[in-house]
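Chemist: need a 3D model of the following:
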Amino acid sequence: MKRMISLRDERIKEKDRAKAPVKKKEDPSAIKEREVPQHPSCLFFQYNTQLGPPYHILVDTNFINFSIKAKLDLVQSMMDCLYAKCIPCITDCVMGEIEKLGQKYRVALRIAKDPRFERLPCMHKGTYADDCLVQRVTQHKCYIVATVDKELKRRIRKIPGVPIMYISRHRYNIERMPDDYGAPRF
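Modeler: Okay, the predicted model is just below:
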C-alpha cells in the first residue's frame, strides 16, 4: 500500500510546502494582449523595397560546388539570371567551410577568393555557415541567398522578403523575387 507524505515532513523543501495558487478563469469578454512580431519597414505587402540592382548575393558553400559541377561561371550566370549587375558576397564562415573541405575542393576555394567577390566578416563564434547566413539575412534584408541546400532553403522561406537563388537544369533560377525586376520565372 502506498503512503502519502505529509506537508510537515522534513524531506519536503520549504518552497514546495506552499500550496499552488488557484488559477482564475479567463473572462471571454476581456481584452487580450498578444505580442505581434514587428516586420521591417522595407517590406510592403511582402515586397522588399531594399532589393535592387546591383544585387548582393550571399553564396553558400554547396552553391559554389554545384556550380563547378554544372560548369557555370558564378558571376556571369548570376547576371544572366537577374539581368543586372550582381555582387557575390562570401562570409567568413562559408570561407572556413570551404577551407575545411580540403584539397578535393581547391577549385571552389580559388573561386571563392576571386577579387570580384565581396568578403563579409563574421563576429560570432563557430563556423556553421547556415546559421550565419540566416542571421545575416534576418538582420539585413538587402541580400539574395544562393544555395542548393534544402534545409537552408526551408529556413530562409520562413523569413519574409528574402529571395533564394538555386541551380536547376544547368542554370540559375530565382525563387520569391518580385516580377518588376525582370527575373525569369520557370
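
Chemist: count of neighbours near residue 53?
Modeler: 12 (other Cβ atoms under 10 Å). (Glycine included, C-beta is placed from N, CA and C.)

Chemist: again, but for residue 120
Modeler: What residue 120 shows, counting by other Cβ under 10 Å, is a neighbour count of 17.

Chemist: then the one 3 residues further on?
Modeler: Residue 123 is surrounded by 5 other residues when neighbours are defined as other Cβ under 10 Å.

Chemist: and for residue 50?
Modeler: 14.

Chemist: surely it touches residue 139?
Modeler: No. Applying Cβ atoms under 8 Å, one finds residue 50 not in contact with residue 139, separated by 11.9 Å.

Chemist: let's check: the centremost residue of the protein is which one?
Modeler: residue 134 (2.3 Å; Cα atoms, centre = their mean).

Chemist: where does that one land in three-state SS?
Modeler: helix (DSSP: H, G, I helix; E, B strand; the rest coil).

Chemist: quick one, what contacts it?
Modeler: 152, 155, 156, 159 (Cβ atoms under 8 Å, 6 or more residues apart in numbering).

Chemist: ok, now with 6 Å
Modeler: When contacts are counted by Cβ atoms under 6 Å, 6 or more residues apart in numbering, residue 134 touches residue 155.
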